[in-house]
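A.B. asks: Need a 3D model of the following:
(chains A and B)
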Amino acid sequence: AQSVTQLDSQVPVFEEAPVELRCNYSSSVSVYLFWYVQYPNQGLQLLLKYLSGSTLVKGINGFEAEFNKSQTSFHLRKPSVHISDTAEYFCAVTLDTGRRALTFGSGTRLQVQP
Amino acid sequence: NAGVTQTPKFQVLKTGQSMTLQCAQDMNHNSMYWYRQDPGMGLRLIYYSASEGTTDKGEVPNGYNVSRLNKREFSLRLESAAPSQTSVYFCASPRDRGWGEQFFGPGTRLTVL
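C.D. replies: Just a heads-up that it's a prediction; the model follows:
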C-alpha cells in the first residue's frame, strides 16, 4: 500500500519570502502525485500534478513541484508568497491502476505573515 | 454546471441518531468517492463507487453505508452516529479518463454530541 508523509504540520513565512512544503511518499509501484490546496471553510482545489515526463511541474498561483524518484519526494515550492496563499496544502498519491482513490498526507498549514 | 454539490453544509446530531449526507455531480463521471477529514490526518477514504450500482469499502468504512442509485448521486448514511464520526465529509469525483483532477464538493461539517 502507498503512504504519504508531509514533514511539516505548520510553516510560518513572511510575505514575499520563498517557501518549500515537503512531501515524501512510499509505494512499491508507480504512482501519480498531486498537490491540493484548501482555503478556510472550502473544499480542495488541485494545484498541480505529476503524471509522467518532466520532473518539474508548474501549477496554478505560481506554485511548482519537483518529482524526485530516487528520494521518493514531491516537494512544493513558491519563490515569493502572498498573504492570500495562507491555506492548508495536501500532498496526495494514487496508483496507476485500480480505483484511483487518493491517499493524502496529513497536510501542511502555510501561514503567511505581513 | 455546479460540479460536485453536497447537502447539508452543517449538521449537529446526538449520539445514536441517523442521517444521510447527499452528494451529486453533474459532470457525467462514473466514479464517486466519500472522504472524511480529521485534524492532523488528512483525508481518508470511506467508500467509493466505480460506477452506477457498485460500491466498495475504503480505508475507514465502519459505521457508514452508501448508496449509488444513479450516475449523479452518491449518498453516505450514518445509521447510529457516534462522537468519533465528528468530522468534515467530502464527496469527490474524478474524470473518467486520464489522471487529472479529482473534483471535490464543498464539504459537510458534522458534529456528533
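
A.B. asks: ok, which residues in chain B are in contact with chain A?
C.D. replies: B:4, B:31, B:33, B:35, B:40-45, B:48, B:50, B:56, B:58, B:90, B:92, B:94, B:98-102, B:104-107 (CB under 8 Å from any CB of the partner chain). All C-beta spots, glycine's among them, are computed from the backbone N, C-alpha and C.

A.B. asks: residues touching residue 94, list them.
C.D. replies: Assuming you mean chain A. Taking CB atoms under 8 Å, 6 or more residues apart in numbering or on different chains, we find A:Thr94 in contact with A:31-32, A:34, A:100-103, B:99.

A.B. asks: Can you look at chain B instead?
C.D. replies: A:100, B:29, B:31, B:33, B:100-103.

A.B. asks: I'd like the list of those residues that fall within strands, please.
C.D. replies: Among the contacts of B:Pro94, the members falling in strands are B:33, B:102-103 (criterion: DSSP state E).

A.B. asks: Looking at stretch A:10-28 now, give me its mean pLDDT.
C.D. replies: Averaged over stretch A:10-28, pLDDT sits at 94.

A.B. asks: buried stuff in it?
C.D. replies: A:11, A:13, A:19, A:21-25, A:27 (16 or more other CB atoms under 10 Å in any protein chain shown).

A.B. asks: Of all the residues in chain B, which one is nearest chain A?
C.D. replies: B:Gly42 (3.5 Å; CB to the nearest CB).

A.B. asks: Disregarding flanking residues, what is the spatial nearest neighbour of that residue?
C.D. replies: A:Phe104 (3.5 Å; CB to CB, 6 or more residues apart in numbering or on different chains).

A.B. asks: wait, doesn't the one you found sit right on B:Arg44?
C.D. replies: Yes - between A:Phe104 and B:Arg44 there is a contact at 7.4 Å, judged by CB atoms under 8 Å.

A.B. asks: Okay, and residue 11 sits in which element?
C.D. replies: Using chain A. A:Val11 belongs to strand A:10-14 when assigned by DSSP states H and E.

A.B. asks: wait, I meant chain B there
C.D. replies: strand B:10-13.

A.B. asks: Now do that strand, average pLDDT.
C.D. replies: The predicted model assigns strand B:10-13 a mean pLDDT of 96.

A.B. asks: That one packs against which elements?
C.D. replies: Strand B:10-13 sits against strand B:19-25, strand B:108-112, with contacts defined as 3 or more CB pairs under 8 Å, 6 or more residues apart in numbering or on different chains; DSSP states H and E.
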